[in-house]
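Participant: take this sequence and fold it.
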Amino acid sequence: MNQPSSIRPRLRPAALAISLLYAAVAPAIAADAEPEVAALAAVAVQDVVVTGTRDIQRSAGESLSPIDVISAKDLQRTGQTDLRDALVKLLPSINRLAQTGDAANLTSALTLRGLSPNHVLLLVNGKRRHTSANITADAGSQQGATPVDIDLIPVSAVDHIEVLRDGAAAQYGSDAIAGVINVILKSSSQGGSLTATTGEYYKHDGFTLGGAADVGLPLGGDGFLHLSTEYRRHEHSMRSGADERTGTYVNRTLGDPQVRRESFGANAGIAVDKDVELYAFATAAHRTGGSYQNYRLPSKLPQVHPGGFSPVETSNETDAALTAGIRGTDLAGWRWDLSASYGIDNVKINMVDSANTDLYAATGATPTSFHLAQYKNSQQSVNADVARGFDTGALPSSLSVALGAEFRRETYEVGAGDEASYFGSGSQALPGLSPISAGKHSRNIGAAYADFSTKLTNQWEAELAGRYEHYSDAGSTRNAKVSTRYEFNPRFALRATASTGFRAPSLAQENYTSLAVSPTTAGGQLAVNSDAARKLGALALRPEKSRSFNLGLVAEPIDNLHITVDAYRILIRDRIVQGGTYTGQAAIDALTAAGISLPSGLSSVSASYYANGVDTRTQGLDFVAGYPSNLGALGRIDWDFSANINTSKVTKVANDGNGQTLLNAQQVGYLTTATPKNKLIVGGVWTLDDWSVSLHAARYGKTATEATFYSGPNIYSTTVFNHIENKPKTLTDLEVRYAVTKKLQLAAGATNLFDVYPTKVPATSRYLGVYQYDTAAAQIPFNGGYYYVRANYKF
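Facilitator: Residues are numbered from 1 along each chain as shown. The predicted structure follows:
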């Protein structure tokens, strides 16, 4: 268990923020001087937001922190059937990996401002949502992530999404280091829609079929009940190179997993009297998926698989969340809100078309399907919030005061696989977890916050927030945030924030154990608090600490041209990453001590654990602009442009308990160069009568990876790497819509219209010749062009 620690805010003087614009932009531009063109955030500064403020609703342009507002129409026009992929298309500060490994390939993770998925807090209707039970175990920039899987929320349930691009741990608690995504659910009491969509990649794979429906119903005299449901089916794609062992394309591991998903959402509210409302909202989802693993040659077990075999890792996941509460507007002048929430994610991991070679050697038989493990994550929380304004008589507006408290209980449970899955060296591709790795872990969290905001003059607004949290396993933390905005005139304002933040280690990071086996290599992940990990120098995990600064402007230089520019700097200390990687006999001994058996004939064996491995500095610039053009008889064009320029640097690498450096150059690269240095989006929406056309170009800056050598004198080296770069790429998306009637709209479109692919990896760093694209890069997908059609009916 971690020793309690006190994390006190250390805010530098506000003058530091003045240097952010230059300090953030100059290094990023120098790092990638080629002109970049990429995606605009669909934000309107007039849109009313509730994220980042506890006093009153205000427009995004009036916010003291940068906020993007994404409407349901914006999401649909991307042509994406997943919330995550739609946000990647719309916001340049959001990215995703093209592919993760093993079970993580079946979970939808996103990043904000080049940081980890763990650094993004997701809210639904302003309430914290539970995280996934499925951890990203494979090496890369997202290793150790247990994010909220946003794709388990039906798109049809979403009214709009607010993305706060600023540190907000002092307002919302742990995880909100990069920012906050707040999903606001539909709340109408009438009307609804039906949507059907289908499409596939240009290469005629990855077939997708989706359907969605939502309806608003009256509840009582003035209440509402809005119901939503969604179905999505997506088939495998295959982008592997030829397997050098066979000279054929039999190895299908590089590509999209097969996914089936059914999801449901409900949002309800009803007035008890004129000042009190009961409310509740819920989501439920079931998802199954399968992800190909590396092909095994016929010689592996000809008695069972005479033609060789490709194991498929499968997932059977059930996810649910429920929040219920009561709120009012006048309790001795206070607005108040009492709520309770429960969320759970239950993932069963299995393997099909596999075999256990050691079991066959011992008994003459082996199953080909295995249950490998079960992961369950739950979150229970109770919240109490009050707020009101006080007329001080000395200020031009009231002093808004918000107070609140939260109690939260989190659990993480690991279940063992069936005996055949872990006997000997276990099932091929991914051995099952043995009972020694199973267990149930929990912790309690208590928090209290205070928030004060007012106008110091008619043009100058300020806000101060503070939060105390105590984790039963990670100690206590105190964090603060100062925000201010000065409006010089209705067309120009400056805003700035400075804050401290933190992120407690997840229960999965503290307790996860696994082994991944390829045809020639094996890598084990050891629970950091295990005896096996301690032999490799593991130390108890501590919370991450952060300091964030933002300086921005909001401008309307001419009528209807809205511009926001925000420079930021995020400093993270004791960042939790995969570290302590040992190879050879030391790794074998540690894995054996953890009760993990290894197959024979491996060329490379490694063992790792999670550690407070590095301090990092991330800095950059966000730019958002929008402008409408009225073309008279030719219609109207709503132009948009947005950009994110971002750099990350490791400022310190820690040592393990054995005095060894925790990260090598490859692992440092995952944190600093896997995300584009810049991403820009430009385009517009043209509308004329019943026709509408969306056209956007998104340019992704270069990324780089310190890749492993799989041939030559440095094969499998953990000190010498192959520096590879992915050149900047531009993707073009097009959608054409036609309103057949006032209720029925048809659409056809293409994402990646010109079928652009990433830079190919050099042959010396393609494992088995198969991995021809860089899976460590969060740049463009490697599936090529995709076309689709959609029908939408509103009633």
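
Participant: doesn't Asn529 fall inside a strand?
Facilitator: No. When classified by DSSP: H, G, I helix; E, B strand; the rest coil, Asn529 is found to be coil rather than part of a strand.

Participant: what about the nearest residue to it once chain neighbours are set aside, which SS state?
Facilitator: For Asn529, ignoring the flanking residues on the chain, the nearest one in space by C-beta to C-beta, 6 or more residues apart in numbering is Glu510 at 5.9 Å. Using the backbone N, CA and C atoms, a C-beta is placed for each residue, glycine as well. Each residue gets one of three states, and Glu510 gets helix by three-state DSSP.

Participant: so how far is Gln374 from Glu510?
Facilitator: When distances are taken as C-beta to C-beta, to the nearest Å, Glu510 and Gln374 turn out to be 18 Å apart.

Participant: counting neighbours, go ahead and name the busier of these two.
Facilitator: Between Glu510 and Gln374, counted using other C-beta atoms under 10 Å, the more crowded position is Glu510 (23 against 19).

Participant: just the pLDDT for the more buried one.
Facilitator: Glu510 is assigned a predicted lDDT (pLDDT) of 90.

Participant: what sits against it?
Facilitator: When contacts are counted by C-beta atoms under 8 Å, 6 or more residues apart in numbering, Glu510 is found next to 441, 473, 527-529, 541, 610.

Participant: so where does Asn644 fall, helix or strand?
Facilitator: Taking DSSP states H and E as the criterion, Asn644 maps to strand 636-653.

Participant: and for Ala340?
Facilitator: With the criterion set as DSSP H and E, the secondary-structure element containing Ala340 is strand 334-352.

Participant: right, and the helix or strand after that strand?
Facilitator: Heading towards the C-terminus - elements assigned by DSSP H and E - strand 334-352 is followed by helix 357-363.

Participant: tell me the buried residues in that next one?
Facilitator: Of all the residues in helix 357-363, those buried under the rule 16 or more other C-beta atoms under 10 Å are 357-360.

Participant: what's the mean pLDDT across that helix?
Facilitator: 95.

Participant: and that helix, how far out from the chain's middle?
Facilitator: Here the centre of helix 357-363 is set off from its chain's centre by 41 Å, with C-alpha atoms, centre = their mean, to the nearest Å.

Participant: what's the first helix or strand after that helix?
Facilitator: Per DSSP H and E, helix 357-363 leads on to strand 370-390 as the next helix or strand towards the C-terminus.

Participant: what about whichever helix or strand comes after that next one, distance to the chain center?
Facilitator: Of the helices and strands lying after strand 370-390 in sequence (DSSP H and E), the nearest is strand 399-415. Average the C-alpha atoms of strand 399-415, do the same for its chain, and the two points are 20 Å apart (C-alpha atoms, centre = their mean).

Participant: quickly run through the sheet partners of strand 399-415, with directions.
Facilitator: Strand pairing for strand 399-415, using DSSP bridges, gives strand 370-390 (antiparallel), strand 439-455 (antiparallel).

Participant: out of the ones you listed, which one sits most buried?
Facilitator: strand 370-390 (a mean of 20; mean count of other C-beta atoms under 10 Å).

Participant: export it as CSV, just CAs?
Facilitator: Once side chains and other backbone atoms are set aside, the C-alpha atoms of strand 370-390 remain, and they are given as CSV (Å, rounded to 0.1, in the frame of the first residue of the first chain):
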residue,chain,number,x,y,z
PHE,A,370,-10.2,-21.0,-23.6
HIS,A,371,-11.5,-18.7,-21.0
LEU,A,372,-8.5,-16.5,-20.1
ALA,A,373,-9.6,-14.0,-17.5
GLN,A,374,-12.3,-11.8,-16.2
TYR,A,375,-11.9,-8.2,-15.2
LYS,A,376,-14.6,-6.2,-13.3
ASN,A,377,-14.4,-2.6,-12.3
SER,A,378,-17.1,-0.7,-10.3
GLN,A,379,-17.7,2.7,-9.0
GLN,A,380,-20.2,3.9,-6.4
SER,A,381,-20.5,7.6,-5.5
VAL,A,382,-22.6,10.0,-3.5
ASN,A,383,-22.5,13.7,-4.2
ALA,A,384,-23.9,16.8,-2.4
ASP,A,385,-23.6,20.2,-4.0
VAL,A,386,-24.9,23.7,-3.0
ALA,A,387,-24.5,27.1,-4.6
ARG,A,388,-25.8,30.6,-4.3
GLY,A,389,-24.9,34.2,-5.0
PHE,A,390,-24.2,36.8,-2.3
